[in-house]
Structure formats: C-alpha cells, structure tokens
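1. can't give you the sequence, but here's the structure:
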C-alpha cells in the first residue's frame with residue numbers, strides 16, 4: 001500500500017511502497033507543489049526507479065523558479081538508494 005498526501009503545513013508525507021504502480025497517485029500530489037517543500041520519508045518502506053523519477057521531475061520543475069524539495073527522515077536503506085543513484089547530490093537531504 002502507498003499513500004502520498006500534502007499536509008496542512010505544506011509538507012508531503014509518504015507511506016508504504018512507492019513503485020511504478022503508484023506513480024499517478026504520487027504525481028497528483030507532487031504536481032500541486034509550486035514552492036520549496038519538505039518530503040517526509042518516515043513511513044516510506046521502499047522506492048523504485050519510477051518513484052525516483054517523480055521526485056527528480058518535481059525537483060527539476062521547482063528549480064526553474066529557485067525552489068526545491070527537501071527530503072527528510074529517510075531510513076538507511078532508502079538513503080543508500082539515493083547515494084547509489086547519486087541523487088544525494090541533487091537533493092537537500094536532512
């Protein structure tokens with residue numbers, strides 16, 4: 001199961017397994033972001049290359065206007081995926 005929601009504080013909360021079958025659901029949330037936004041990975045168990053693609057597309061779109069995604073609360077496994085893909089060089093990860 002996967003869930004992505006925009007909190008009242010303007011933060012995206014991710015939960016479950018973010019894979020190719022969840023891209024449309026995630027894009028519906030990420031496409032609503034137009035300024036710098038935090039993404040909380042606390043309850044995310046897994047992210048596939050399709051999930052990484054959604055994040056990268058959003059980051060590119062936001063960077064055109066001087067904004068970005070700030071990623072936080074990654075578990076060690078997901079953090080390792082970002083490091084292997086060198087996405088740790090593209091994102092602000094807390």
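-> Alright, I've got the coordinates. Please read all numbers here as calculations on a predicted model, not as lab measurements.

2. spit out the contact partners of the residue lying farthest from the centre of the chain.
-> Relative to the centre of the chain, the most outlying C-alpha is that of residue 65, 18.1 Å out, by Cα atoms, centre = their mean. Residue 65 makes contact with 34, 35, according to Cβ atoms under 8 Å, 6 or more residues apart in numbering. For every residue, glycine as well, the C-beta is placed using N, CA and C.

3. for it, give its distance to residue 56.
-> In this view, residue 65 and residue 56 are 16 Å apart by Cβ to Cβ, to the nearest Å.

4. and the contacts of the helix ranked longest in the chain?
-> The longest helix of the chain (DSSP state H) is helix 49-63. Applying Cβ under 8 Å, 6+ apart, the external contacts of helix 49-63 come out as 18-20, 22-23, 26-27, 30-31, 33-37, 39, 68-69, 71, 81, 85, 87, 90-91.

5. same thing but 6 Å
-> Helix 49-63 has contacts (Cβ atoms under 6 Å, 6 or more residues apart in numbering) with 18, 20, 23, 26, 27, 30, 68, 69.

6. of all the residues you listed, which comes closest to residue 11?
-> For the contacts of helix 49-63, the minimum distance to residue 11 (Cβ to Cβ) is 10.6 Å, reached by residue 69.

7. the closest one bridge partners, please.
-> Counting by DSSP bridges, residue 69 forms beta bridges with residue 37.

8. next, count neighbours for it.
-> 22 (other Cβ atoms under 10 Å).

9. got the confidence number for it?
-> Residue 69 is assigned 97 on the pLDDT scale.

10. and what of residue 32?
-> At residue 32, the predicted lDDT confidence score is 95.
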